[in-house]
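Have a look; sequence and predicted model below, questions after that.
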Amino acid sequence: MSTPSILILPGDGIGPEVMAEVVKVIDWFGDKRGLKFDVSHDLVGGAAYDKHGAPISDETMEKAQSVDAVLLGAVGGPKYDDLDFSVKPERGLLRLRKEMDLFANLRPAQCFDALADFSSLKKDIVAGLDIMIVRELTSGIYFGEPRGIFTENNERVGINTQRYTESEIERAARAAFELAMKRDKRLCSMEKANVMESGILWRDVVNEVAVDYPEVEVSHMYADNGAMQLVRAPKQFDVIVTDNLFGDILSDCAAMLTGSLGMLPSASLGLPMANGRPKAMYEPVHGSAPDIAGQGKANPIACVLSFAMALRYSFDQGDEATRLETAIETVLAGGARTADLLGEEGVTAISTTEMGDKIIEALTASL
Ligand code: NAD
Ligand code: IPM
Ligand code: MN
């Protein structure tokens with residue numbers, strides 16, 4: 001098989017800062033583990049707008065469609081807040097997800113032992129936490145029509161539409177059931193079937209897919225209760241499957257169970273390509289963090305863990321993914337903390353680059 005290809009889109013704000021640490025990790029795997037990748041770099045978000053007047057160019061889209069995996073940092077920032085909606089940085093990310101048809105967004109939330117004390121929740125609530133949120137990523141209210149800001153009866157009205165077809169729900173649910181089969185075989189589906197027709201359909205379709213997975217214990221929760229339960233007793237969950245908007249909110253909420261938004265990776269997966277690999281983009285859950293951008297304070301772990309997910313889901317290198325995750329665990333157990341993870345007495349923060357260097361040291365020590 002030819003050398004697998006990766007397109008790196010660092011984006012804006014802390015995106016390029018955290019991605020620089022991922023590049024070190026990719027190079028390490030090439031040098032020390034013989035895992036060679038054909039890596040190219042391009043622009044997305046505000047960075048692409050500055051150069052092309054669009055948050056992603058057609059050429060970059062074509063490249064993204066042709067590689068084995070895309071790694072994305074983050075997009076957006078105050079500099080672009082007043083741009084026309086159609087060219088905002090976030091539209092670049094949404095175009096990638098939609099046109100690559102990356103319908104299954106896997107957002108795992110794991111609490112590393114070393115950070116159990118650090119969560120805003122009590123240690124025994126989060127210690128050992130290991131949940132997987134599957135967020136439908138290419139439909140729902142993010143993309144439904146009609147949408148826009150219109151004038152009606154001499155006032156403005158903002159419209160977005162929640163719309164799901166059966167097949168869109170089915171493929172997201174199937175991805176979640178497949179993951180549940182490899183985990184603890186428990187799946188909780190979250191919607192608002194009490195107030196939304198799309199929620200009623202969501203629940204029906206999940207139950208229909210469940211017939212094919214008799215070993216999986218299925219439950220349903222209204223998403224508002226789900227948010228409360230995630231904070232009250234998160235360990236009750238194994239896999240959660242939910243729609244695009246609820247998944248966005250619930251996964252940020254789950255991030256704090258792990259200690260910081262700077263810890264949460266994600267994989268956005270689509271259908272298999274001709275070579276059998278799924279269409280895929282790997283992106284941290286966090287954004288461009290304008291409040292800390294350019295200060296060397298960003299935690300690169302979410303982005304590095306997203307590359308670990310690439311090793312696992314795109315490149316069939318589960319053992320090497322585990323090696324990388326274990327290296328991060330070792331670094332955290334050794335007390336290394338970026339500023340977002342501070343809280344313990346007497347601990348001083350290390351920079352983004354220093355955290356990346358420590359991960360490389362731990363990787364080397366693992367040989
Ligand atoms: P954000 O995730 O950028 O930041 C929220 C808070 O978390 C901030 O205080 C930030 O400093 C902190 N934080 C986030 N990532 C961190 C990291 N790696 N290390 C340390 N601290 C971290 O969310 P926001 O402030 O609501 O949004 C800022 C911009 O990012 C907006 O333009 C938004 O649209 C965009 N955004 C992009 C993505 C993405 O590209 N996938 C995701 C979310 C938000
Ligand atoms: C995320 C982000 C994006 C989303 C934005 C930046 C488009 O919040 O990846 O979680 O809402 O999906
Ligand atoms: Mn989000």
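Yes, it's here. Ligands and ions are numbered 1, 2, ... in the order given.

ok, which residues in the stretch 51-200 of the chain are in contact with ligand 1?
Contact residues (Cβ under 6 Å from any ligand atom) of the stretch 51-200 of the chain with ligand 1: 74-77, 90, 93. C-beta: built from backbone N, CA, C; applies to glycine.

same for ligand 2: which of those are within range?
Answer for these near ligand 2 (Cβ under 6 Å from any ligand atom): 76, 90, 93.

For Pro146, what is the enclosing helix or strand?
In this assignment (DSSP states H and E), Pro146 forms part of strand 144-152.

ok so, going back, which of the ones next to ligand 2 among the residues of the stretch 51-200 of the chain next to ligand 1 sits closest to Glu178?
Closest approach to Glu178 among these (Cβ to Cβ): Leu93, at 25.2 Å.

For that closest one, list the residues it contacts.
Neighbouring residues of Leu93 by Cβ atoms under 8 Å, 6 or more residues apart in numbering: 44-45, 55, 72, 75, 283.

Kindly tell me how buried the closest residue to ligand 2 within the stretch 201-350 of the chain is, as a neighbour count.
In the stretch 201-350 of the chain, the residue that lies nearest ligand 2 is Asp248 (4.6 Å; Cβ to the nearest ligand atom). Other residues lying near Asp248 total 19 when counted by other Cβ atoms under 10 Å.

What about the residue nearest to it when sequence neighbours are not counted, how many residues nearby?
Nearest in space to Asp248, with sequence neighbours left out and distances taken as Cβ to Cβ, 6 or more residues apart in numbering, is Arg135 at 6.7 Å. Neighbours of Arg135 under the rule other Cβ under 10 Å: 27.

Point me to the helix or strand that includes Ile6.
Applying DSSP H and E, one finds Ile6 within strand 5-11.

who's in contact with that strand?
16, 19-20, 22-23, 26, 37-47, 60, 63-64, 66-75, 89, 96, 288, 310.

Alongside ligand 2, which residues does the chain contribute?
76, 90, 93-94, 248, 285, 287.

rewinding a little: I'd assumed the residue nearest to Asp248 was in a helix, is it?
No: under DSSP: H, G, I helix; E, B strand; the rest coil, Arg135 sits outside any helix and is assigned strand.

thought it was touching Ile249?
No: if you go by Cβ atoms under 8 Å, Arg135 and Ile249 don't touch, sitting 9.7 Å apart.

Could you report the neighbour count for the residue of the stretch 1-150 of the chain found nearest ligand 2?
Using Cβ to the nearest ligand atom, the single residue of the stretch 1-150 of the chain nearest to ligand 2 is Glu90, 4.0 Å away. Neighbour count for Glu90, taken as other Cβ under 10 Å: 16.

so what's it up against?
45, 55, 75-76.

And the furthest pair within those?
Pro55 and Gly76 (9.4 Å).

Can you check which residues contact both of the two?
By Cβ under 8 Å, 6+ apart, the residues touching both Pro55 and Gly76 are 45-46, 88-90.

Select, from these, the two members most distant in space.
Greatest spatial distance among those (Cβ to Cβ): Gly46 and Glu90, at 9.7 Å.

quick one: common contacting residues for the two?
With Cβ under 8 Å, 6+ apart, Gly46 and Glu90 have common neighbours 55, 75-76.

quick one: the helices in the stretch 101-250 of the chain?
Assigned by DSSP state H, counting those that start in this stretch, the stretch 101-250 of the chain shows helices spanning 123-126, 166-182, 197-210, 223-232, 244-255.
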